[in-house]
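Visitor: Next comes the sequence, and after it the predicted model I'd like to discuss.
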Amino acid sequence: QVRLQESGPGLVAPSQTLSLTCTSVSGGSITTNSYYWNWVRQPPGKGLEWIGSMSYSGSASYSPSLKSRTSISRDTSKNHITLQLNSVTPEDTGVYYCARNPGPNRGFDYWGQGTQVTVSS
């Protein structure tokens, strides 16, 4: 059983950088062959939006609409991936999830519980 845990500040000021960490706390190394580790968000009252992913081999991919402001990295010694979203605005408010899928273009099989992020002064 894979358990994913998101962590980070719940409140970020406009124009600042949002930084979140997803740790695979049990059952899944982020370097296990074939798996991808994703960031997905849900603004209030809206659907899920894919932000980007980190592959088992260390390659990052990003949503075209967020690519200019997004960076995803990993620390294999801590078994976690990190999301940084720059120049945030109130439109970046939402619940941010970490999710795993067993390959590109495949469905997510494990999700974290999500963490609320509010962008406000």
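Guide: Noted; the coordinates are in hand.

Visitor: in the sheet, who's paired with the nearest residue to Asn38 once chain neighbours are set aside?
Guide: Distances taken as CB to CB, 6 or more residues apart in numbering put Ser53 closest to Asn38, at 4.3 Å, once the chain neighbours are dropped. No exception for glycine: its C-beta is placed from N, CA and C like everyone else's. On the basis of DSSP bridges, Ser53 is bridged to Asn38, Ser61.

Visitor: Val25 and Glu6 touch, don't they?
Guide: No: checked against CB atoms under 8 Å, the pair Val25 and Glu6 is beyond contact range at 10.8 Å.

Visitor: now the closest residue to Tyr62 other than its chain neighbours: how far from Ser87?
Guide: Counting by CB to CB, 6+ apart, Tyr62 lies nearest to Gly52, which is 4.1 Å off, once chain neighbours are set aside. Gly52 sits 16 Å away from Ser87, going by CB to CB, to the nearest Å.

Visitor: the more surrounded of these two?
Guide: Neighbours per residue (other CB atoms under 10 Å) separate Gly52 from Ser87, with Gly52 holding more: 20 against 12.

Visitor: what residues are up against the more buried one?
Guide: For Gly52, the contact set (CB atoms under 8 Å, 6 or more residues apart in numbering) comprises 38-39, 60-63, 66-67, 70, 72, 83.
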